[in-house]
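Q: give me coordinates for this.
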Amino acid sequence: AVLESAVRRVIEHAELQRQNREYREHLEKLNRELTQTLKQLQEDEEAGRSIQFQLLPEDNSSFGSFTFRRRLYPSMYLSGDFVDYFPIDDQHVGFYMADVSGHGAASAFVTVMLNTLVIQYRDSLWQSGDDTILHPQRTLQRLNRDFCRQNLGKHLTLFYGIIDLKQNTMHYSNAGQFPYPLQYDGRQVSTLECRGRPLGLFDDAEFSVWQCQLPQEYVLVLVSDGILDLMSEAAMLQRYSALLPDMTVADLDLDEITAGLDVLADQHLPDDIAFLVISRSPHHG
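A: Below is the predicted model of the structure:
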């Protein structure tokens, strides 16, 4: 009986060791598979990030006497914020800032759709004479219809403006973008208030258009609402009012502006933040 008990314990111990070995091998296999999956996801995210940043316009681009600068700070690998600016013809330059609800891959995908749609509208001007892209309110109405048809479960805010390089005027419409843009005319910083509904929520949404004359010295600053997670709108206006008058318009340093708003490239952010700064200097050229 004693021998049988000892043999049974040896057998049970051997079986336990076998089970432990199989369990360990199974965990090691799962760990390898998980590591490979995470690596693939990271590679996909990096590829998506690279594509998204390639779609951004060239930083520090000039059109006539106006200079366009931009920054994009994703809270994750991919951003739901996007900015763009582009010549439409010899007289007009278009620009927009967009903020898709949420962030990450799904929101970034919507920014790619937006970029594609705007390119189609631009091409339509040359291909068929459709001048929608020259009219901010009509552009927002068409974008709204196109996004509502897709039923993506996403909506976005967007500010779209047109600068007339010959008349030195700006026409603009807003689809829920907030905070409102800030402008500096060489003397003071003020808010460019313009209300509007987001895109992709209401089929029958209508949009207004505003116009303003642009002075010889001028700065327009757009920043997405991720900045409001770092400071209030009033605090942002106060900081801009202190930052912009101390800078020469011709030599605006966007990195200095973002740092002055506590937005740094290596900082973890609770939400995506995008900046678009348009400046006009009387000494340009």
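
Q: hey, let's count contacts and neighbours off CA atoms from now on
A: Will do.

Q: bridge partners for the spatially most central residue of the chain, pull those for me.
A: When Cα atoms, centre = their mean is applied to the chain, the residue found nearest the centroid is residue 81 (1.6 Å). Judged by DSSP bridges, the bridge partners of residue 81 are residue 99.

Q: correct me, but it touches residue 272?
A: Yes - between residue 81 and residue 272 there is a contact at 6.3 Å, judged by Cα atoms under 8 Å.

Q: joint contacts of these two?
A: Taking Cα atoms under 8 Å, 6 or more residues apart in numbering as the contact rule, residue 81 and residue 272 both touch 72, 74, 224.

Q: compare those residues and tell me which is most surrounded.
A: The most neighbours of any of those, using other Cα atoms under 10 Å, belong to residue 224, which has 26 neighbours.

Q: contact partners for that one?
A: 81, 97, 98, 99, 177, 178, 179, 272, 273, 274, 275.

Q: tabulate the residues you listed in TSV, adding columns for distance to residue 27 and pLDDT.
A: Shown next, in TSV, are the contacts of residue 224 (distance: Cα to Cα, whole Å; pLDDT from 0 to 100):
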residue	distance to residue 27	pLDDT
81	40	89
97	47	97
98	45	95
99	42	94
177	49	95
178	49	93
179	50	93
272	37	85
273	40	88
274	43	91
275	46	93
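
Q: which residues does residue 168 contact?
A: Shown in contact with residue 168 (Cα under 8 Å, 6+ apart): 213, 214, 215.

Q: show me which of these is closest to residue 66.
A: Within these, proximity to residue 66 (Cα to Cα) peaks at residue 214, which comes in at 10.5 Å.

Q: how near is that closest one to residue 143?
A: Counting by Cα to Cα, to the nearest Å, the gap from residue 214 to residue 143 is 27 Å.

Q: can you map out the strands along the stretch 51-200 of the chain?
A: 61-63, 66-73, 81-87, 92-100, 156-164, 169-175, 182-184, 189-191 (DSSP state E, counting those that start in this stretch).

Q: closest one to residue 7 among those?
A: Ranking the strands of the stretch 51-200 of the chain by proximity to residue 7 (Cα to Cα) places strand 66-73 first, at 67.0 Å.

Q: listing partners with orientation, what would you give for the closest one?
A: Partners of strand 66-73 in the sheet, by DSSP bridges, are strand 61-63 (antiparallel), strand 273-280 (antiparallel).

Q: and that strand, how far out from the chain middle?
A: Averaging C-alpha positions (Cα atoms, centre = their mean, to the nearest Å) puts strand 66-73 12 Å from its chain's average.

Q: that strand to strand 92-100, inter-axis angle?
A: Per axes from the mean of the first three to the mean of the last three Cα atoms, to 10 degrees, the angle that strand 66-73 makes with strand 92-100 is 20 degrees.

Q: state the mean pLDDT of strand 66-73.
A: Averaging pLDDT along strand 66-73 gives 92.

Q: what angle do it and strand 81-87 make?
A: Between strand 66-73 and strand 81-87, the angle comes out at 160 degrees (the same axes, to 10 degrees).

Q: filter the contacts of residue 168 down to the ones in strands?
A: In this view, the contacts of residue 168 that belong to strands under DSSP state E are residue 213.

Q: switch the contacts of residue 168 over to a markdown table; also include distance to residue 151.
A: Formatted as a markdown table, those follow (distance: Cα to Cα, whole Å):
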| residue | distance to residue 151 |
| --- | --- |
| 213 | 38 |
| 214 | 39 |
| 215 | 42 |
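
Q: filter the contacts of residue 168 down to the buried ones.
A: residue 214 (16 or more other Cα atoms under 10 Å).

Q: quick one: the contacts of residue 168 as a markdown table, columns for pLDDT too.
A: Output for the contacts of residue 168, formatted as a markdown table (pLDDT from 0 to 100):
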| residue | pLDDT |
| --- | --- |
| 213 | 95 |
| 214 | 95 |
| 215 | 93 |
